[in-house]
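> need a structure here:
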Amino acid sequence: MIESAQLLTVESQLATLGLEVMAQNVATCAERAAQSNASYVAFLADLLEPELRSRQDRWVQSRLKLAGFPFRKTLADFDFAFQPAVDERLVRELATLAFVERHENVILLGPPGVGKTHLAVALGMEAIQHRVTAYFVTAHALVHDLRQATRRGTLEQRLRVYTKPNLLIVDELTYAPFDATDATHSFRLVSERYERGSIILTANRSYGEWGALFNDPVLATAILDRLLHHSVTINIKGGQSYRLKDKTRAGILGTTEVEPA
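Numbering: from 1, shown residues only. The predicted structure follows:
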């Protein structure tokens, strides 16, 4: 029989150490161990497991808030049957996060609406579930932030926001042309992450059009050289609009193909 005074002392000590879940569960675990004649190691494992699970859940929720995702969708939410242009086997392989361990990049190319952002966010959420830091930003917000930081003299600090995460997701890279300053900042960011951290990019223009996008074919080539050296490209050619799939299936819209931009 466990002495109540001793149990209260242990609960207090655990709470003082910040082990709140263990403090809440120690009485139950001790009683269970006594009834089953469990070893000390088995009792400790039983006590530690919910504490570790709780800490993991708190870490994940904290990192999800910091990641800046525009929504929370997983690969389980992605309808590969509706979008057969997506290589499901390759996406599942990427979800193992081996590409992050190898500091490789993933580029998702395709017209608007085919699910590029969903896949990018899903891979980012998978990363966080495995305690890999991730950060999401649109290309427009990124270049605007770095432009403002340059004016304020805080460029180095802001660059660290984008170089520190294990995985950086840049969405809608090729929706609008970059000026010379934006292009230079993009080159520097890609260079500083090169072989140090992974990038997921979504874009709706082929690589051959990036020279016009950056208004500098030489700089665009240098950026692509670093991005593609260790990378996987998923080219979603056409297909139906993923955003409108529910309406299409309900017969509200006709089945239409999305043409590349």
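> what bits of the protein have low per-residue confidence?
Low-confidence segments of the chain (pLDDT under 70): 1-3, 238-261.
> Let's see that with 50 instead.
Where the chain drops to pLDDT under 50, the residues are 247-248, 252-261.
> biggest helix in it by residues?
helix 40-67 (DSSP state H).
> Who are the packing partners of it?
Packing partners of helix 40-67 (3 or more CB pairs under 8 Å, 6 or more residues apart in numbering; DSSP states H and E): helix 20-36, helix 116-129, strand 134-138. Every residue, glycine included, has its C-beta placed from N, CA and C.
> Looking at these, which one is packed in the most?
helix 116-129 (a mean of 23; mean count of other CB atoms under 10 Å).
> Tell me how this protein divides into domains.
According to automatic domain parsing, the chain comprises the domains 4-66, 68-249.
> ok now the last one, how far from the chain's centre?
Right, the one you point to is domain 68-249. 10 Å (CA atoms, centre = their mean, to the nearest Å).
> Need the winner for burial among the domains of the chain.
Comparing those by mean count of other CB under 10 Å gives domain 68-249 as most buried, with a mean of 17.
> Check the gap between the closest residue to Asn235 other than its chain neighbours and Leu224 for me.
Once flanking residues are discounted, Asn235 sits nearest to Leu109: 4.7 Å by CB to CB, 6 or more residues apart in numbering. Leu109 sits 12 Å away from Leu224 when distances are taken as CB to CB, to the nearest Å.
> residues in contact with the residue nearest to Phe178 when sequence neighbours are not counted?
Nearest non-adjacent residue to Phe178, counting by CB to CB, 6+ apart: Phe214, 5.2 Å away. Residues near Phe214 by CB atoms under 8 Å, 6 or more residues apart in numbering: 177-178, 183, 186, 220, 223.
> try 6 Å
By CB atoms under 6 Å, 6 or more residues apart in numbering, the contact list for Phe214 reads 178, 183, 220.
> Shouldn't Phe71 be within a strand?
No: counting by DSSP: H, G, I helix; E, B strand; the rest coil, Phe71 falls outside a strand, being coil.
> Now it: closest residue in space, sequence neighbours ignored.
Closest residue to Phe71 apart from its sequence neighbours, by CB to CB, 6+ apart: Val121 at 6.6 Å.
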